[in-house]
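S.K.: Give me a model of this one.
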Amino acid sequence: MNLELLESFGQNYPEDFDGVLDCMNMAITCAFNRRGTLLAVGCNDGRIVIWDFLTRGIAKVISAHIHPVCSLSWNRSGHKFLSASTDCVVSVWDVLTGECDYTFRFPSPVLKVQFHPRDSNQFLVCPMKHAAVLMTLDKAHRIVPLEDESDLNICAAFDRRGLYIFTGNARGKIHVFNTLTLEMKASFRVTTTTSNTTALKSIEFARRGNCFLVNSADRIIRVYESGEVLACGKDGEPEPIQKLQDLVNRSLWKKCCFSGDGEYIVAGSARQHSLYIWEKSSGNLVKFLLGTKGEMLLDVVWHPVRPIIASISSGVVSIWAQNQIENWSAFAPDFKELDENVEYEEHESEFDVEDEDKEVLETKGPCEEDVEVDVTTVESIPAFVSSDEEENDDDRVLLFLPISPEIEEIEESWTSEQAAAAAEDTGDRKRAGSSKDQTISPKKRKMKTVDVDLPNAPVDEIHPLLSAKKTQEKIPKSGRAAGKAPKTSKGQGHKSESKSKYYKSSGDWHKENAS
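M.R.: Sure, this is the predicted structure:
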């Protein structure tokens, strides 16, 4: 498919709701591969569902974790992806086989994992209330330095090429470290209009260009240019290119990210299922997408190539895309669309066998047949190229997952040998559930879990996903519906001869009268 023909004229952002992807479980997080052909969705039951995004069908289901999946990241080639769960476990998976290659257990909950943009042997882990950790697949790890040991609320991310690691803390300070040496190259402080500091929640880089955004607790999204930050050096004062915020509702932002071409920024509100899209160059709000009222947003990702956004709320992945308007004149240049019925007037020689009135066309000169057409050189598609110096690695990129069809009923004309061979071939690919588009990977081999030793890491912390659930399940201070013992009604004009006692069993309150 030629992506250059898919580009719209002057508009490259989604406009309307375009359906949902139901994983049959509560979806929590999602991530596109580099080309946007596969979408990995992490669920609250520990399963990872890989969708074929072109057909909108389930390509593979991996039973990855026991606890909810909280973060996902694809490597550059798409053959591997990282997953982190709320039980402090980080795993590396093979996409084709569905088997786990490596498993790492951390002492504290993991908030985010990210593969190195160029080197698939390295990945970044952000544990809760601990410094970021740079891991390698040979089970070695290095801790990204901290300027202040007391401030441990760290968010971190690789830059576009993976040359530097950007970290932010709760005091509004951003540090830039060299990935190879972990030497600090630059630093600056994000300040508000009142010269106060604000806590940083996340750092996201654009797929194209050198810009990155910072989501802070003061409800403002700041866009910086990484080259300017590095040029300012340590304790510099770079100015943000844009400051984006919701001036009406003053919304806190749950998740922010760039578009595939880096020209637009989408942010999801932490209060409701609403998406704001700004143009990076001008800072203008160009689109506001509102989901179902009352739903809470969990994650937002933008398609790497096309103007499509995937958002998660209420356990369902919602797809936002452009309105496709049928244009029949694109197939036939002389085709004319009519708004109402028109009486057709037949031309005089329209149905004649030979057109007597047709003018004789002048004979043109011989066509140039000596022009050589190059049909062997494969030119790279600009939409897929993230930099000018990268090599063409189309042969190594995993775009789709192979799916073999299942034979449900054996035809009568088949011989017994053919039926046995077909049954043996499909026996290993039986899928659990009634969905025909779902493929659950076979039983995986037992992998040894590697314990990562982090000094001074908190061991009694609870992941924010789990703490949010427990907060909803807490018993309020008052209210019978929440499970509290009902108050005894006072007698009117006389005292009750018996005293009422209450005891709790199986979550319900029961009354027992004692004389």
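
S.K.: Going along the chain, name the helices of this structure.
M.R.: Per DSSP state H, the chain carries helices over the ranges 226-232, 416-427, 464-473.

S.K.: mean pLDDT lowest for which of the ones you listed?
M.R.: Of all those, mean pLDDT reaches its minimum on helix 416-427 (a mean of 58).

S.K.: Quick check, R105 in contact with V450.
M.R.: Yes. Using C-beta atoms under 8 Å as the test, R105 is close enough to V450 to be in contact (7.0 Å). All C-beta spots, glycine's among them, are computed from the backbone N, C-alpha and C.

S.K.: give me the number of residues near N215?
M.R.: Counted with other C-beta atoms under 10 Å, the neighbours of N215 add up to 23.

S.K.: H141 too?
M.R.: For H141, the tally of surrounding residues (other C-beta under 10 Å) stands at 16.

S.K.: Please state the backbone phi and psi of N33?
M.R.: In terms of degrees, to the nearest 10, the main-chain angles of N33 are phi -80, psi -180.

S.K.: Just the pLDDT for it.
M.R.: 95.

S.K.: How much space separates it from K80?
M.R.: Per C-beta to C-beta, to the nearest Å, N33 is found 10 Å from K80.

S.K.: hey, what's in contact with both of those two?
M.R.: Taking C-beta atoms under 8 Å, 6 or more residues apart in numbering as the criterion, N33 and K80 both touch W74.

S.K.: Please export the C-alpha coordinates of stretch 297-308 as CSV.
M.R.: What follows is stretch 297-308, C-alpha atoms only, in CSV (Å, rounded to 0.1, in the frame of the first residue of the first chain):
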residue,chain,number,x,y,z
LEU,A,297,-8.9,7.4,30.7
LEU,A,298,-6.1,4.9,31.2
ASP,A,299,-3.8,5.2,28.2
VAL,A,300,-3.4,7.0,24.8
VAL,A,301,-1.2,6.1,21.9
TRP,A,302,-0.9,7.6,18.4
HIS,A,303,-0.4,5.4,15.3
PRO,A,304,3.3,5.7,14.1
VAL,A,305,2.3,6.4,10.5
ARG,A,306,-1.4,7.2,10.1
PRO,A,307,-3.7,9.8,11.8
ILE,A,308,-5.2,7.2,14.2
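
S.K.: which parts of it are buried?
M.R.: The neighbour-count check on stretch 297-308 (16 or more other C-beta atoms under 10 Å) flags 297-308 as buried.

S.K.: chain center to that stretch: distance?
M.R.: 6 Å (C-alpha atoms, centre = their mean, to the nearest Å).

S.K.: do stretch 324-339 as well
M.R.: Chain-centre distance of stretch 324-339: 36 Å, with C-alpha atoms, centre = their mean.

S.K.: For the closest residue to S226 other than its chain neighbours, grab the count of nearby residues.
M.R.: Once flanking residues are discounted, S226 sits nearest to N210: 4.6 Å by C-beta to C-beta, 6 or more residues apart in numbering. Neighbours of N210 under the rule other C-beta under 10 Å: 17.

S.K.: now N210: how far from P240?
M.R.: Taken as C-beta to C-beta, the span from N210 to P240 is 14 Å.

S.K.: Also L401?
M.R.: The gap separating L401 from P240 is 41 Å, by C-beta to C-beta.

S.K.: Near R118, how many other residues are there?
M.R.: A count of nearby residues for R118, using other C-beta under 10 Å, gives 16.

S.K.: Equivalent analysis for the one 3 residues further on, please.
M.R.: N121 is surrounded by 11 other residues when neighbours are defined as other C-beta under 10 Å.

S.K.: Provide a list of residues in contact with it.
M.R.: 136-138.

S.K.: Show the model's pLDDT score for V373.
M.R.: Confidence score, pLDDT, at V373: 83.

S.K.: swap in the one 5 residues further on?
M.R.: pLDDT for V378: 74.

S.K.: what bits of the stretch 251-400 of the chain have low per-residue confidence?
M.R.: Applying pLDDT under 70 to the stretch 251-400 of the chain flags the ranges 329, 355-369, 381-395.

S.K.: again, 50 this time
M.R.: Low-confidence segments of the stretch 251-400 of the chain (pLDDT under 50): 387-389.

S.K.: All the strands of it, residue numbers only.
M.R.: 253-258, 264-269, 274-279, 285-290, 297-302, 309-313, 316-321 (DSSP state E, counting those that start in this stretch).

S.K.: Just the residues contacting the first one, thanks.
M.R.: By C-beta under 8 Å, 6+ apart, the residues outside strand 253-258 that reach it are 201-202, 204-207, 211, 213, 215, 219, 221, 264-270, 280, 297-302.

S.K.: Tabulate the strands of the stretch 251-400 of the chain (JSON lines), appending distance to G172.
M.R.: Compiled in JSON lines, the strands of the stretch 251-400 of the chain are given as follows (distance: least, C-beta to C-beta, whole Å):
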{"stretch": "strand 253-258", "distance to G172": "16"}
{"stretch": "strand 264-269", "distance to G172": "19"}
{"stretch": "strand 274-279", "distance to G172": "22"}
{"stretch": "strand 285-290", "distance to G172": "25"}
{"stretch": "strand 297-302", "distance to G172": "24"}
{"stretch": "strand 309-313", "distance to G172": "28"}
{"stretch": "strand 316-321", "distance to G172": "32"}
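
S.K.: among those, which is nearest P68?
M.R.: When those are compared by C-beta to C-beta, strand 297-302 sits nearest P68, at 10.8 Å.

S.K.: Next, the angle from that closest one to strand 274-279.
M.R.: Strand 297-302 runs at 30 degrees relative to strand 274-279, counting by axes from the mean of the first three to the mean of the last three C-alpha atoms, to 10 degrees.

S.K.: strand partners of strand 297-302, parallel vs antiparallel please.
M.R.: Partner strands for strand 297-302, per DSSP bridges, with pairing direction: strand 309-313 (antiparallel).

S.K.: Good, wrapping up.
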